[in-house]
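Undergrad: just need the structure, nothing else, for what follows:
(2 chains)
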2 protein chains.
Amino acid sequence: MLTLYSFGPGANSLKPMLALYEKGLPFTHRFLDPARFEQHEDWFKKINPRAQVPALDHDGRVITESTVICEYLEDAFPGQNALRPADPYEIAQMRIWTKWVDEYFCWCVSTIGWERMIGPFARSLSDAAFEEKVGRIPIPEQQVKWRSARKGFPREVLEEEMRKVHISIARLEARLTESPWLACDRYTLADICNFAIANGMERGFADVVNEKESPRVIDWIRRINERPAARAMFAKSQREKLEPAAREAAAGR
Amino acid sequence: MLTLYSFGPGANSLKPMLALYEKGLPFTHRFLDPARFEQHEDWFKKINPRAQVPALDHDGRVITESTVICEYLEDAFPGQNALRPADPYEIAQMRIWTKWVDEYFCWCVSTIGWERMIGPFARSLSDAAFEEKVGRIPIPEQQVKWRSARKGFPREVLEEEMRKVHISIARLEARLTESPWLACDRYTLADICNFAIANGMERGFADVVNEKESPRVIDWIRRINERPAARAMFAKSQREKLEPAAREAAAGR
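TA: Numbering: from 1, shown residues only, chains lettered A, B, ... in the order given. Alright, predicted model coming up:
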């Protein structure tokens, strides 16, 4: 049995979720609400002591780290709609891309995202409530990031991260000009893991990701969104969001 | 045919080199001299446009990124002294450790190493010579790192990196207290990739890596050094260093 603990289908949480849909593997989704800091609650720390999503429970064994989970699914369910190429050289190209998104692309986008979303949210909390929440985070670097977001990241940090966002999109655009998919001539985990960060940037980073400057990236995002697995994943997530509201309305709350 | 382009057996260059020795795969070693910035020369940029070592040429196809090369050897030569476990869960644990060394452990050790070694070296060059060398580096972040090393990293950066070095060694020590090897009960790429960074720290970071505070890390470093593959690798590297000197002496230079 597979249980995925994650936020909704965005960023690192999207990676294993889309991989599960693409492979057609049935799984239970346990949604954790970031607005309620559910990932830092004690019950979840028993599943992942680092208090980070996503985490995958497979028959009682827990696998963490989004990219590692994606490769795990390939190792545990080989041959089932493979998302990893068969040729060793192509696998290596796939890993260069999944490594790059984890070490470079995801961080610059993430810092800007934290400044825009987590910052205002953190400032909406009282000092006491904020400290209580941050005190539960087991990773010191994550605590530092929450405090930086609340205070607002320094302008030079944001400028540097935005420079890296431009470099990242230019790199994707260049690759997608020579190949329909990132690692080789077929859709692989390299695409899923980079799509996890790039999807939605045509709205949030419209001055970088747009038809004029990065038409191939726009087209690649569209092609992935149109895949049956992605459509099913987003539709399900939409229903999950509506369900609690509908239940609460029905209960007269 | 396998050709490995790398520095000597330390840090990222050590990873694929030790993996090749462990697997017993014959290969040609093309040593690049970091003191002569050989990795930034045009001939090498034709092999790896990012001008970084290590790089592996396998029958004309080039694989880059040290950790990716290690996994490539497992994919291309399966069953030959496997350094990757067979069980998917154990492979995932291995990848969590190889990912951690690339994203965390290697960076904090590297910054301190750059401050101590690259800094004085960069300052020994004239401004013109330094700019000429740095101008050849294709990755902007690497240029920034060279400039920072020459100027000296800010004290708060070094203190933060040293804090992370302590956290890293504590994490390795905790893991090696419960298991003889990092990923599972046998030696894997997790050990090779972390050993690449940890080896020698008992000298360079003696206040962190020592018999009193990290006896298990010391013992694990010793056990890897005593393996026939590691001994053969270091002995060969020693001979390679002596050979040019002996040739020059014989030539009366």
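
Undergrad: confirm A:His29 sits in a strand?
TA: Yes. Assessed with DSSP: H, G, I helix; E, B strand; the rest coil, A:His29 lies in a strand.

Undergrad: what bridges to it?
TA: Per DSSP bridges, the residues bridged to A:His29 are A:Leu4.

Undergrad: residues touching it, list them.
TA: Counting by Cβ atoms under 8 Å, 6 or more residues apart in numbering or on different chains, A:His29 touches A:Thr3, A:Leu4, A:Ser6, A:Met17, A:Lys236, A:Glu240. (Each C-beta comes from the backbone N, C-alpha and C, glycine too.)

Undergrad: distance of the residue lying closest to the fourth one once chain neighbours are set aside relative to chain B?
TA: Spelled out, it's A:Met17. Spatially, and ignoring its direct neighbours in sequence, A:Met17 is nearest to A:Pro9 (5.4 Å; Cβ to Cβ, 6 or more residues apart in numbering or on different chains). Using Cβ to the nearest Cβ, to the nearest Å, A:Pro9 is found at 22 Å from chain B.

Undergrad: test my guess that A:Pro9 contacts A:Glu240.
TA: No. A:Pro9 lies out of contact with A:Glu240 (Cβ atoms under 8 Å); the separation is 9.9 Å.

Undergrad: between the two, who's got more neighbours?
TA: A:Pro9 (21 against 13; other Cβ atoms under 10 Å in any protein chain shown).

Undergrad: near chain B, which residues of chain A show up?
TA: A:58, A:61, A:63-65, A:67-69, A:71-72, A:75-76, A:88-89, A:91-92, A:95-96, A:99, A:102-103, A:140, A:167 (Cβ under 8 Å from any Cβ of the partner chain).

Undergrad: and these, which of them are buried?
TA: Neighbour-count burial (16 or more other Cβ atoms under 10 Å in any protein chain shown) applied to these gives A:58, A:63-65, A:67-69, A:71-72, A:75-76, A:88-89, A:91-92, A:95-96, A:99, A:102, A:167.

Undergrad: helices - which of the residues you listed land there?
TA: A:67-69, A:71-72, A:75-76, A:88-89, A:91-92, A:95-96, A:99, A:167 (DSSP state H).

Undergrad: give me the below-cutoff pLDDT ranges for the stretch 151-253 of chain A.
TA: A:244-253 (pLDDT under 70).

Undergrad: let's see 80
TA: Within the stretch 151-253 of chain A, the segments meeting pLDDT under 80 span A:241-253.

Undergrad: show me the helices in it, by range?
TA: For the stretch 151-253 of chain A, applying DSSP state H, counting those that start in this stretch gives helices covering A:155-178, A:189-198, A:201-204, A:215-225, A:228-250.

Undergrad: show me what the second one is packed up against.
TA: For helix A:189-198, the contact count by 3 or more Cβ pairs under 8 Å, 6 or more residues apart in numbering or on different chains; DSSP states H and E identifies helix A:11-23, helix A:66-76, helix A:88-100, helix A:155-178, helix A:215-225 as packing neighbours.

Undergrad: chain center to it, what's the gap?
TA: The chain centroid and the centroid of helix A:189-198 are separated by 8 Å under Cα atoms, centre = their mean, to the nearest Å.

Undergrad: do the same with the fourth one
TA: For helix A:215-225, the distance from its own C-alpha centre to the chain's C-alpha centre is 17 Å (Cα atoms, centre = their mean).

Undergrad: check which residues of stretch A:211-229 are buried.
TA: For stretch A:211-229, by 16+ other Cβ under 10 Å, it's A:Ser214, A:Arg216, A:Val217, A:Ile218, A:Trp220, A:Ile221, A:Ile224, A:Arg227, A:Ala229.

Undergrad: what's the farthest-apart pair in these?
TA: Based on Cβ to Cβ, the longest span within the buried residues of stretch A:211-229 runs between A:Ser214 and A:Ala229 and measures 23.7 Å.

Undergrad: okay, buried residues for stretch A:9-24 please.
TA: For stretch A:9-24, the neighbour count (16+ other Cβ under 10 Å) marks A:9, A:11-23 as buried.

Undergrad: and for stretch A:129-146?
TA: By neighbour count on 16+ other Cβ under 10 Å, the buried set for stretch A:129-146 is A:Phe130, A:Val134, A:Ile137, A:Lys145, A:Trp146.
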